[in-house]
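Undergrad: just coords:
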């Protein structure tokens with residue numbers, strides 16, 4: 001069964017949201033150990049930048065692999 005584009009996008013979004021939350025929490029826990037103390041707003045902004053990139057990457061790779069799978073038969 002072929003995965004629809006909508007399902008690919010939804011999967012990428014859910015995966016990315018979970019990744020964003022984990023990234024921000026990790027930043028807040030790890031950065032201070034390296035002498036980087038940032039306010040919540042900056043942690044959210046940094047996480048947001050990486051989240052957008054991750055969303056585009058996840059969706060794009062999913063579509064590439066789905067196209068590859070369909071060509072394989």
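TA: Now that the structure is in, tell me what you want to look at. It should be emphasised that the depicted structure is a prediction, and the values quoted were computed from it without experimental measurement.

Undergrad: Which strands or helices does the longest helix seen in the chain pack on?
TA: As assigned by DSSP state H, the longest helix anywhere in the chain is helix 40-72. Counting by 3 or more CB pairs under 8 Å, 6 or more residues apart in numbering; DSSP states H and E, the packing neighbours recorded for helix 40-72 are helix 5-30. C-beta here means a position set from N, CA and C on the backbone, and glycine is covered the same way.

Undergrad: could you give me the average pLDDT of the helix it packs on?
TA: The pLDDT scores in helix 5-30 average 90.

Undergrad: buried stuff in the longest helix of the chain?
TA: 43, 47, 51, 54, 55, 58, 59, 62, 66 (16 or more other CB atoms under 10 Å).

Undergrad: and the angle from that helix to helix 5-30?
TA: 140 degrees (axes from the mean of the first three to the mean of the last three CA atoms, to 10 degrees).

Undergrad: just how off-centre is helix 40-72 within its chain?
TA: How far helix 40-72 lies from its chain's middle: 5 Å, per CA atoms, centre = their mean, to the nearest Å.

Undergrad: now swap in stretch 7-20 and tell me
TA: Offset of stretch 7-20 from its chain centre (CA atoms, centre = their mean): 7 Å.
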